[in-house]
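Peer 1: take a look and give me a structure for this.
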Amino acid sequence: MQEILLVINESPYGSEKAYNALRTAMNLQKKDVEIDVNIFLLDDGVGCARKGQETPKGFYNIERMLGSVLRKDGRVKT
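Peer 2: Predicted coordinates:
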């Protein structure tokens, strides 16, 4: 089994870096069940795990995306 580690060190909103990392994680999980997805939240990236986020207009809800990765057996560490 292959393991993938994605490091998110950007705040959840303001740029699309956290969104792109989570989109990548979700697509990896969808494509291949033999991939373990691990996400490490660092610095401002810890804000991605904050509950009750108010999503700015025009952005995807990062909290929901992270929840999707977790529901498919992804792992998140801070």
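Peer 1: wasn't Leu6 part of a strand?
Peer 2: Yes: remark: Leu6 belongs to a strand, assigned using DSSP: H, G, I helix; E, B strand; the rest coil.
Peer 1: where does it land on pLDDT?
Peer 2: At Leu6, the predicted lDDT confidence score is 97.
Peer 1: which residues sit in contact with the spatially most central residue of the chain?
Peer 2: Centrality entry for the chain: nearest residue to the mean C-alpha point is Leu22, 3.5 Å, by CA atoms, centre = their mean. Leu22 makes contact with 8, 39, 48, 62, 65-66, 68-69, according to CB atoms under 8 Å, 6 or more residues apart in numbering. Using the backbone N, CA and C atoms, a C-beta is placed for each residue, glycine as well.
Peer 1: at 6 Å instead, please
Peer 2: Contacts for Leu22 (CB atoms under 6 Å, 6 or more residues apart in numbering) come out as Met65.
Peer 1: what does Ile62 give?
Peer 2: Ile62 sits next to 12, 18, 48 when contact means CB under 6 Å, 6+ apart.
Peer 1: for those residues, give me TSV that also has distance to Gly74.
Peer 2: Shown next, in TSV, are these (distance: CB to CB, whole Å):
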residue	distance to Gly74
Pro12	17
Ala18	14
Cys48	13
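Peer 1: ok, of those, which come out buried?
Peer 2: Neighbour-count burial (16 or more other CB atoms under 10 Å) is assigned, among the contacts of Ile62, to 12, 18, 48.
Peer 1: OK, contacts around the closest residue to the last one other than its chain neighbours?
Peer 2: Meaning Cys48. Leaving out its chain neighbours, the residue that sits closest to Cys48 by CB to CB, 6 or more residues apart in numbering is Pro12, at 4.5 Å. Neighbouring residues of Pro12 by CB under 6 Å, 6+ apart: 18, 47-48, 62.
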